[in-house]
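Peer 1: Sequence plus the predicted model coming up.
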Amino acid sequence: MSPQRLTFIESLMDENIQTAESLISKWDSETTAYACSTSLLFSGNRQQAKEYLKAIKHLRSAKQYFVAYNPSSHKLVRSQTLMQTAMKRLEKEFYRLLKTNKEYLDAESVSTHSYSSRPSRGSLSDMEDDSEDEFKFSDDKVSEVERSSIAALADLKLIADCMIASGYGKECVKIYKKIRKSIVDEALYHLGVEKLSFSAVKKMDWDLLEIKMKKWLHAVKTAVKTLFYGERILSDLVFSASDSIRESCFTEICKDGALTLFAFPENIAKCKKTPEKIFRTLDLYKAIADLWAETESIFSFESTSVVRSQAVNSLNKLGEAVRSMLVDFEAEIQKDNSKSGVPGGGIHPLTRYVMNYIAFLGDYSGSLSDIIADWPLTVCTPLLEAYFGSPDSEDNISSPIAVRLAWLILVLFCKLDGKAELYKDGSLSYLFLANNLQYVVVKARTSNLHFILGEEWVVKQEAKVTQYAAKYERLAWSKVFASLPDNPTAEIPLEKVRNSFRQFNSSLEDACNKQSSWIVPDEKLRDEIKTSLWRRIVPVYRAFYDKYEVSASREPGMGNECFARFAPDDLANYLSNLFVTKIEIAETQA
């Protein structure tokens, strides 16, 4: 470059320094009363901020010129001194912006704004080229909070860009990390997130631990969707000029809190729990699984991979805990050795417990499907194929969760078969099986199990209920059926008619007296049994009664003996009084 050219450029640089000095000195709180009495440079009329940043840009150009072409010039020292003064002012501005705009820069405000969909208004060139004093918003529906939030973010970004370009990024970052980390830590504290060791968790009473888990379930959703997400947006926007700085800031601000948050479920998973604790464990698993995509996106930096690893580890440990509790639950069913039958053949407590448990498991079908996807059922017995269907059948249960839940129900069935044998009366045994299987069917139909196990499975169990009810009916009412003639209107001897009435009266009373305490809690099954009995008894008896009642009862020489003790209508009422015990009483007895 020619001497004349250098002289010309140097004069321009000197002019830049003089212009910058006038502005920088004006806002130097250590030397001027104006800077001390005036609040933020980045407030009110934005023209001053534009001019200040432009002066720093020109000062930076001058400094670069003297470093390259005249490093011994006193003007280089002068420009360096001015730059230090300007950076101190920007540090102060940056700090005050962060502190005074906390309500506009809170995670909820930041995370709910669609900054990515807006045109960039935060670059230094935008500030320089914009002739207006305020940011322009094309959307009139933008709230005042959002306007303030966007304006504060834009100012922070302008200062960060300027300080990073001027070689003072460390000073800017130090302020940002300190303030934002304190905000995040305080927010996590108010959410109830606390650092608990495994030994501390292990010693906790379950009631207290459950309270902490409920708090955690709320906290993790808020932390991921709002707090961490908002901080990621904030650091990405403010430090968009440097990938390494935005990563460093977000990592230092959020990593420790996120690790504390996601470590809690792992400690819970490692504690020994009874099968009843499985549902809260599944709640924790579901919360992490549902938030995984967002967690992975927010903590996508290499420096935050440890957070992703902790979340995955907690997920895996929770899955292992669930599988362990399912094994314990099955063992609990197998170990049930109660030796007394339920009064009246009602619903056994084991049936209620197991089916309520499995029905609740059905509500976690998504999480359970993930947990047991690679955990095949390894029990091999001929009973399995008969129960689940052959591999080639259309109604074969094939999904891992369906197989697992159906297997648990099969284990219950096997235990119920054993308990049915406790009844001395075979008909009551079958009524017991019909009642309990009907309870299983109703639970399956009225819960998510219907969708998991499928219609074919439910229909099969309904058919078994019908079979058990038919066997009960055949054994309990066989003498009543046998007392009636095959053809009630056929001509038969009078003595045989009288014997038929006597046998019917006796067998009906015996059957009803014997079953006076027997119960059928399910209204639908109760009506089906009564209807079946009515169809098999009342029409035949009515026809027989209408034909022979007069002749059988009024034969001369028979005294006052009444052979036809029941009128057909009375008989229908008599049958309707069977199993009248209310469901609530049946449940109490069970």
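Peer 2: All right, it came through fine.
Peer 1: what's residue 472 in contact with, if anything?
Peer 2: 427-428, 430-431, 434, 529 (Cβ atoms under 8 Å, 6 or more residues apart in numbering). (Glycine included, C-beta is placed from N, CA and C.)
Peer 1: Tell me how the chain divides into domains.
Peer 2: 3-128+143-166, 188-317, 336-472, 478-589 (automatic domain parsing).
Peer 1: so where's the stretch 451-590 of the chain shaky on pLDDT?
Peer 2: 549-562, 581-590 (pLDDT under 70).
Peer 1: how about a cut-off of 80?
Peer 2: 488-490, 548-565, 572, 574, 580-590 (pLDDT under 80).
Peer 1: Point out the one among the domains of the chain that comes closest to residue 179.
Peer 2: Among these, domain 3-128+143-166 comes nearest to residue 179, with 4.7 Å by Cβ to Cβ.
Peer 1: now the strands: where do they sit in the chain?
Peer 2: Taking DSSP state E, the chain contains no strands at all.
Peer 1: need the helix or strand of it with the lowest average pLDDT.
Peer 2: The weakest-scoring helix or strand in the chain, judged by mean pLDDT, DSSP states H and E, is helix 124-129 (a mean of 39).
Peer 1: was I right about residue 371 contacting residue 319?
Peer 2: Yes: in this structure residue 371 lies within contact range of residue 319 using Cβ atoms under 8 Å: 4.4 Å.
Peer 1: Show me which of these two is the more surrounded one.
Peer 2: Under the criterion of other Cβ atoms under 10 Å, the comparison of residue 371 against residue 319 puts residue 371 first, with 26 against 23.
Peer 1: ok, the more buried one to residue 404 distance?
Peer 2: Residue 371 is 10 Å from residue 404, where distance means Cβ to Cβ, to the nearest Å.
Peer 1: For the residue nearest to residue 171 when sequence neighbours are not counted, which residues are in contact?
Peer 2: Spatial nearest neighbour of residue 171, excluding adjacent residues (Cβ to Cβ, 6 or more residues apart in numbering): residue 91 at 5.6 Å. Applying Cβ under 8 Å, 6+ apart to residue 91 gives the contacts 163, 168, 171-172, 175.
Peer 1: got it, and residue 194?
Peer 2: residue 260.
Peer 1: Now do the phi/psi pair for it.
Peer 2: Backbone torsions of residue 194, given as degrees, to the nearest 10, read phi -140, psi 150.
Peer 1: same thing with residue 399?
Peer 2: According to degrees, to the nearest 10, residue 399 has phi -70, psi 140.
Peer 1: For the nearest residue to residue 99 once chain neighbours are set aside, give me its contacts.
Peer 2: Leaving aside its sequence neighbours, residue 99 sits nearest to residue 179 (Cβ to Cβ, 6+ apart; 6.7 Å). Going by Cβ under 8 Å, 6+ apart, residue 179 touches 95, 98-99.
Peer 1: 10 Å instead?
Peer 2: With contact set as Cβ atoms under 10 Å, 6 or more residues apart in numbering, residue 179 has these partners: 94-95, 97-99, 102, 105, 253.
Peer 1: Of these, which is the nearest to residue 50?
Peer 2: residue 97 (15.8 Å).
Peer 1: For that closest one, list the residues it contacts.
Peer 2: Per Cβ under 10 Å, 6+ apart, neighbours of residue 97: 40-43, 104-105, 151-153, 155-156, 158-159, 175, 179.
Peer 1: Narrow the residues you listed to those in helices?
Peer 2: 151-153, 155-156, 158-159, 175, 179 (DSSP state H).
Peer 1: Does residue 479 touch residue 504 like I think?
Peer 2: Yes: counting by Cβ atoms under 10 Å, residue 479 does reach residue 504; the two are 9.1 Å apart.
Peer 1: of the contacts of residue 179, buried ones?
Peer 2: Buried members of the contacts of residue 179, scored by 16 or more other Cβ atoms under 10 Å, are 94-95, 97-98, 105, 253.
Peer 1: Point out the least confident member of these, please.
Peer 2: Lowest pLDDT of the buried ones among the contacts of residue 179: residue 105, 80.
Peer 1: any idea how far residue 448 is from the residue nearest to residue 171?
Peer 2: Counting by Cβ to Cβ - residue 91 and residue 448 are separated by 58 Å.
Peer 1: And for residue 487?
Peer 2: From residue 487 to residue 448 the distance is 52 Å (Cβ to Cβ).
Peer 1: For residue 530, give me its contacts.
Peer 2: With Cβ under 10 Å, 6+ apart, residue 530 has these contacts: 520, 572, 575-579.
Peer 1: which non-adjacent residue is nearest the most centrally placed residue in the chain?
Peer 2: Closest residue to the average C-alpha location of the chain: residue 286 at 4.5 Å, with Cα atoms, centre = their mean. Excluding the flanking residues, the one nearest residue 286 by Cβ to Cβ, 6+ apart is residue 367, at 4.7 Å.
Peer 1: which residues does that neighbour contact?
Peer 2: Taking Cβ under 10 Å, 6+ apart, one finds 281-290, 315, 318-319, 322, 361, 401 in contact with residue 367.
Peer 1: are any of those buried, and which?
Peer 2: 281-289, 315, 318-319, 322, 361, 401.
Peer 1: nearest to residue 210, of these?
Peer 2: residue 283 (10.1 Å).
Peer 1: What sits closest to that closest one if chain neighbours are left out?
Peer 2: Nearest to residue 283 is residue 217, by Cβ to Cβ, 6+ apart, at 5.9 Å.
Peer 1: returning to what we had before: between residue 479 and residue 504, who's got more neighbours?
Peer 2: The neighbour comparison of residue 479 against residue 504 (other Cβ under 10 Å) goes to residue 504, with 26 against 15.
Peer 1: these two touch, right, that one and residue 537?
Peer 2: Yes: between residue 504 and residue 537 a contact is recorded at 8.9 Å, counting by Cβ under 10 Å.
Peer 1: if we can go back for a sec, who has more neighbours, residue 487 and residue 448?
Peer 2: Using other Cβ under 10 Å as the criterion, residue 487 and residue 448 rank with residue 448 on top: 15 against 11.
Peer 1: got a pLDDT number for the nearest residue to that one once chain neighbours are set aside?
Peer 2: Distances taken as Cβ to Cβ, 6+ apart place residue 362 nearest to residue 448, at 3.7 Å, with adjacent residues excluded. What the model reports for residue 362 is a pLDDT of 95.
Peer 1: Much appreciated, bye for now.
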